[in-house]
Each structure stands twice: as C-alpha cells, then as structure tokens.
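> Sequence plus predicted model, see below.
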Amino acid sequence: MLQSELKVFVILDSIAMVELSIELKTESDFDPIALELWQEGGFLRQILDIYPEVYRLEKYKNDEKAFRSQWETLLDLVSMTMLDDEVEETTKYELYHNLEKLQRYYADAGVNKATAFGWWKQWKCDLNRTVAREGH
C-alpha cells in the first residue's frame, strides 16, 4: 500500500528543492459526476489525457505555486484513473511497486531524494506496459 508519508523532491530552476506529497485519493474524495465522466472515457483515453498534464510540470518549473497546483491536478487524475475497476489492481501494482523500488534505491544509495520528473517518467513507462498487457 502506498504510504501517506511518502514524499518526492524536485529542484525547480529558480527555486530551492520543493517537497511534494504522493497521496492518492479515494472515490469519496471526488464529485461523483466528475468521477463517472472521467471513467466513462476508458483507461486509454484517460492516459492520453494525463500525458499533456505531465509535460506541463516542465512548463511550470519556474513557478513553485503553479508547479504545486499542477502536481495536485496530476495526482487527482491518477487517483481517478486507478479507480477504474478493469485495470485498478494492475496499475496499483505497477505504481506502488515502482515507488517502493525507487525509495529503496535512494535509501540504499544513501540519497534521501528522488525527482518528480523521474517518478513520472517511470510511471508513464509502466502505464504503457499496463495498457499493452490489458489489451487497450
């Protein structure tokens, strides 16, 4: 299970290191209509909608407030996507497994940070494998 205290760090161009939380939400955290509309699009459509939002992180690297806002938007989209029953378990496994592996790697290396961009890159790679495996 993803731990609520799990954090990643990102160094923005003009700002010191920023700590970001990776706390996924549950179904009760969302407006039921918005959640239903998102899930009706299907998993592949959701992922295609998320990709441009991920790349916006780079656009906001000079503005901490905008960057944090975009990060929260992405976590919302990821949380809603993983609530889709068809792929929830597979996607959860991929996401949690890599977060745990990433944190262990940095802990073993004596480094106490990861980057948000690296995390998203790995997450996208795993989603591509998940999409292929699920036949979407």
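Good, I have the coordinates. Note that the structure is a prediction, hence the values are computed from the model and not measured. Numbering: from 1, shown residues only.
> Okay, buried residues for stretch 59-69 please.
Using 16 or more other Cβ atoms under 10 Å as the burial criterion, the residues of stretch 59-69 that qualify are Y60, K61, F67. In short, each C-beta sits where N, CA and C put it, glycine included.
> what's the average pLDDT for that stretch?
Over the span of stretch 59-69, the pLDDT mean works out to 82.
> L77: neighbour count?
L77 sits with 17 neighbouring residues when counted by other Cβ atoms under 10 Å.
> That one contacts I50, correct?
Yes: using Cβ atoms under 8 Å, L77 makes contact with I50 at a distance of 5.1 Å.
> give me the low-pLDDT residue ranges for this structure?
Within the chain, the ranges that satisfy pLDDT under 70 run 1-22, 24, 43-44, 82-136.
> switch to 90 and redo it
Residue ranges of the chain with pLDDT under 90: 1-30, 34-136.
> list the contacts for F30?
Under the criterion of Cβ atoms under 8 Å, 6 or more residues apart in numbering, the neighbours of F30 are D76, S79, M80.
> again, 7 Å this time
Applying Cβ atoms under 7 Å, 6 or more residues apart in numbering, we find F30 in contact with M80.
> What does G41 show for phi and psi?
phi -70, psi -20 (degrees, to the nearest 10).
> now swap in L74 and tell me
When read as degrees, to the nearest 10, the backbone of L74 gives phi -60, psi -40.
> Just the element for E36, please.
Here E36 is covered by helix 32-40, with elements defined by DSSP states H and E.
> For the following helix or strand past that helix, name the packing helices and strands.
Past helix 32-40, heading to the C-terminal end, the next element that is a helix or strand (DSSP H and E) is helix 43-59. In terms of contacts (3 or more Cβ pairs under 7 Å, 6 or more residues apart in numbering; DSSP states H and E), helix 43-59 is packed against helix 64-82, helix 116-134.
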